[in-house]
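# A predicted structure for the sequence below; I have some questions about it.
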Amino acid sequence: MLNEERNRALTQIGPGAPMGAVLRRHWLPIGAVSEFDGKNVRPARVLGEDLVLYKDLSGDFGLIERQCPHRRADLANGFVEAHGLRCSYHGWHFSGQGRCLAMPYEDIAAPELAFRDKISIKAYPVRAHAGLLWAYMGDAPAPDVPNYEPFTWPHGFRQIVFAELPCNWAQCQENSIDPVHFEWAHANWSVRLRGETGPYSARHVKVAFEEFDHGLIYKRIREDTDEANDLWTVGRVALWPIGMFLGDHIEWRVPIDDTRTLSVTWYFQRMPQESEPFEQASVPHWYGPVKDENGAWITSHVMNQDFVAWAGQGAVADRSRERLGKSDEGILMMRRLLFKDIERVAKGEDPKAVVRGGGIIALPVVERERHTESRTRAEMLAHPLMRRNFLRYPYQAGQPETVRAALWAAAGVREADLSP
Ligand code: FES
Ligand SMILES: [Fe+2]
């Protein structure tokens, strides 16, 4: 339980909010490089700030304030130059560092005033990494963009999946340290959604939580597994501060503002031996719907089931009215560490998991060999989980046909290979 004041401290992330200051000390994935194959500019609301994300004619990305400082035109309607973005209303031109590079009429009419030197715009650095676009909205010097080990795995078909959720980021992230929900929100609820009343999943009999440099690990034993199982010996990862890592994918809950969250997933699928060496020229991205055409929540896929749970907690979960049990010990650890981060940042220190001068970040991986070992196409098609993953994107509804076709082409898989 958190009183209302502590709940606000945990959840609010706008400019000036203590937790906002913590998240601003991390690089956050806010988009996909492939979004800019067909466009140059789009609006981006991140941590309660209205911004525009663009790719200029040199191929550099920028993230600047959305309203033009001249007369507040929307820079999402701007156009890119060799360097930076130009407002389409009167042509004021801004660099990716926020300098005003040109004011076409003022530069002619009153060059002696050097008006443009007096104007700047809020600007944040953007980096492309692993097909994602990362933004850093905190004080300099920026840390490293995290290079998680799965980003370096070879021969993978990757895709990036987004969804917009009408609730606060923290309740989404608390799900990253919640082992018991798998049994209910996924396994058993899926049974009921199919119209059946059983059999239900094996029950959790023991859970444990541990801290490590890049987050928290949870471990579980169910009635059907024991202490020798990967889920106990390796565990799964709540990736600090807004992610979850589950072997073949990382999910981030990126705050749009205090009551909306962008779910960002980076998914890796190992290609068969016959496709090696496999280099993916561009990582495709797509937005998954969260509701169907009748306005009902989609519940067919794992992450959609999570989304329903999170949104159902309210725009901002009222933690003054929750009743936590033994299963929630990881959630208490997560909150404690986040509050500690607030204190560290207030003292001018780096929060947990900020990387400076580091290399590849190794993470605990359940069934690592499934992602890193070479297998023939026939072996993959004979593996139930790998076969399922070819058949459909497992985590979220709405994968476009073009992405599935690209996956099948990359793997040399045909429809007939997957028919029962
Ligand atoms: S409003 Fe942007 S240049 Fe005038
Ligand atoms: Fe889940």
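Cool, the structure landed. Ligands and ions are numbered 1, 2, ... in the order given.

# only C-alpha atoms, please: export the helix of greatest length in the chain in CSV.
Ordering each helix of the chain by length in residues (DSSP state H) puts helix 329-346 first. Output of helix 329-346 as CSV, limited to C-alpha atoms (Å, rounded to 0.1, in the frame of the first residue of the first chain):
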residue,chain,number,x,y,z
GLU,A,329,7.1,-9.0,-2.4
GLY,A,330,8.8,-8.3,-5.8
ILE,A,331,6.5,-5.3,-6.3
LEU,A,332,7.5,-3.9,-2.9
MET,A,333,11.2,-4.4,-3.8
MET,A,334,10.6,-2.6,-7.1
ARG,A,335,8.9,0.4,-5.4
ARG,A,336,11.7,0.5,-2.7
LEU,A,337,14.3,0.7,-5.4
LEU,A,338,12.5,3.3,-7.5
PHE,A,339,12.1,5.5,-4.4
LYS,A,340,15.8,5.0,-3.8
ASP,A,341,16.5,6.1,-7.3
ILE,A,342,14.5,9.3,-6.6
GLU,A,343,16.9,10.0,-3.7
ARG,A,344,20.0,9.3,-5.7
VAL,A,345,19.0,11.5,-8.6
ALA,A,346,18.1,14.3,-6.1
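
# make 861 the starting number, not 1.
From this message on, residue numbering opens at 861, which makes the last subject helix 1189-1206.

# in the following helix or strand past that helix, which residues are buried?
Note on helix 1189-1206: by DSSP states H and E, the next helix or strand toward the C-terminus is helix 1229-1232. Neighbour-count burial for helix 1229-1232 flags 1230, 1231 (criterion: 16 or more other C-beta atoms under 10 Å). Where C-beta positions appear, they are placed from N, C-alpha and C, glycine not excepted.

# identify the residues contacting helix 1229-1232?
Here helix 1229-1232 makes contact (C-beta atoms under 8 Å, 6 or more residues apart in numbering) with 1010, 1013, 1016, 1107, 1108, 1128, 1130, 1225, 1245, 1246.

# go again using 6 Å as the cut-off
With C-beta atoms under 6 Å, 6 or more residues apart in numbering as the test, helix 1229-1232 has contacts from 1013, 1130.

# how far does it sit from its chain's centre?
22 Å (C-alpha atoms, centre = their mean, to the nearest Å).

# also stretch 890-897?
Using C-alpha atoms, centre = their mean, the offset of stretch 890-897 from its chain centre is 13 Å.

# list the buried residues in that stretch.
For stretch 890-897, by 16+ other C-beta under 10 Å, it's 890, 891, 892, 893, 894, 895, 896.

# right, and the second one touches residue 993 too?
Yes - contact between residue 891 and residue 993 holds when scored by C-beta atoms under 6 Å: they sit 4.0 Å apart.

# can you tell if stretch 960-977 touches ligand 1?
No - on the criterion C-beta under 6 Å from any ligand atom, stretch 960-977 is out of touch with ligand 1, staying 7.5 Å away.

# end to end on that stretch, go ahead and measure it.
Chord length of stretch 960-977, first to last residue, is 7 Å (C-alpha to C-alpha, to the nearest Å).

# and for that stretch, what are the contacting residues?
By C-beta under 6 Å, 6+ apart, stretch 960-977 touches 951, 952, 953, 954, 955, 979.

# now render those residues as JSON lines, adding distance to residue 1240, secondary structure and pLDDT.
Compiled in JSON lines, the contacts of stretch 960-977 are given as follows (distance: C-beta to C-beta, whole Å; DSSP: H, G, I helix; E, B strand; the rest coil; pLDDT from 0 to 100):
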{"residue": "951", "distance to residue 1240": "54", "secondary structure": "coil", "pLDDT": "98"}
{"residue": "952", "distance to residue 1240": "54", "secondary structure": "coil", "pLDDT": "98"}
{"residue": "953", "distance to residue 1240": "51", "secondary structure": "strand", "pLDDT": "98"}
{"residue": "954", "distance to residue 1240": "49", "secondary structure": "strand", "pLDDT": "98"}
{"residue": "955", "distance to residue 1240": "48", "secondary structure": "coil", "pLDDT": "98"}
{"residue": "979", "distance to residue 1240": "57", "secondary structure": "coil", "pLDDT": "97"}
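
# buried subset of those residues, written for ChimeraX?
Buried members of the contacts of stretch 960-977, defined by 16+ other C-beta under 10 Å, are picked up in ChimeraX with:
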select :952,953,954,955,979
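
# among the contacts of stretch 960-977, which two are most distant?
Pairwise distances among those were taken by C-beta to C-beta; the largest, 14.5 Å, belongs to 951 and 955.

# one step back: dump the buried residues of stretch 890-897 into TSV; add secondary structure and distance to residue 1153 as well.
As requested, those are exported to TSV (DSSP: H, G, I helix; E, B strand; the rest coil; distance: C-beta to C-beta, whole Å):
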residue	secondary structure	distance to residue 1153
890	strand	28
891	strand	26
892	strand	25
893	helix	30
894	helix	26
895	helix	25
896	helix	29
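
# so residue 913 sits in a strand?
Yes - counting by DSSP: H, G, I helix; E, B strand; the rest coil, residue 913 falls inside a strand.

# surely it meets residue 923?
Yes - between residue 913 and residue 923 there is a contact at 5.2 Å, judged by C-beta under 6 Å.

# distance of residue 1178 relative to ligand 1?
Remark: distance between residue 1178 and ligand 1 (C-beta to the nearest ligand atom, to the nearest Å) = 42 Å.

# returning to what we had before: keep only the contacts of stretch 960-977 that also lie close to ligand 1.
Among those, the residues that sit close to ligand 1 (C-beta under 6 Å from any ligand atom) are 951, 952.

# mind listing what residue 989 touches?
residue 1005.

# returning to what we had before: from the contacts of stretch 960-977, which single one is nearest ligand 1?
Ligand 1 has its nearest neighbour among the contacts of stretch 960-977 in residue 952, at 3.8 Å by C-beta to the nearest ligand atom.

# give me the secondary structure label for residue 965.
Of the three states, residue 965 takes helix under three-state DSSP.

# how much space between it and residue 950?
7 Å (C-beta to C-beta, to the nearest Å).

# out of these two, which sits in the more crowded spot?
A direct count of neighbours by other C-beta atoms under 10 Å for residue 965 and residue 950 places residue 950 higher, at 14 against 10.

# report the contact partners of that one.
With contacts defined as C-beta under 6 Å, 6+ apart, residue 950 is in contact with residue 930.

# that one looks like it's in a strand, true?
No - assigned with three-state DSSP, residue 950 falls outside any strand and is coil.

# which parts of the helix or strand containing residue 1167 are buried?
Using DSSP H and E, residue 1167 sits within helix 1162-1172. Buried positions in helix 1162-1172, judged by neighbour count with 16+ other C-beta under 10 Å: 1163, 1164, 1165, 1166, 1167, 1168, 1169, 1170, 1171.
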